[in-house]
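Student: the amino acid sequence is not available; the structure is as follows:
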């Protein structure tokens, strides 16, 4: 939730941090999100492109390199 991400997505930092990943991806991508989370829980690292919802309701494609951290966060 750095300033560049907030500006690109149109959220304040607090607004962006208050949202779950499931709220930011397209509704039809929920199964894909669950599969990603299962892979991450097994220690895999993934690089994928996801369409992330902006505050105005539009979506922007973003590439992410994701992994779980030792505290269980992405």
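Tutor: Perfect, thanks for sending it. Only a predicted model underlies this, so the values are computations on that prediction, with no experimental measurement involved. Numbers count the residues shown, from 1 in each chain.
Student: now residue 34: how far from residue 22?
Tutor: Remark: distance between residue 34 and residue 22 (Cβ to Cβ, to the nearest Å) = 9 Å. (Each C-beta comes from the backbone N, C-alpha and C, glycine too.)
Student: whoops, residue 6 was the one
Tutor: 19 Å.
Student: got it, and residue 40?
Tutor: Computed as Cβ to Cβ, the residue 40 to residue 22 distance reads 14 Å.
Student: swap in residue 48?
Tutor: Distance from residue 48 to residue 22, by Cβ to Cβ: 15 Å.
Student: ok, residue 39 next?
Tutor: From residue 39 over to residue 22 the distance is 16 Å, taken as Cβ to Cβ.
Student: who has more neighbours out of the two?
Tutor: Under the criterion of other Cβ atoms under 10 Å, the comparison of residue 39 against residue 22 puts residue 39 first, with 16 against 12.
Student: confidence score at the more buried one?
Tutor: Note for residue 39: predicted pLDDT of 87.
Student: repeat that for the one 4 residues further on.
Tutor: As predicted, residue 43 sits at a pLDDT of 83.
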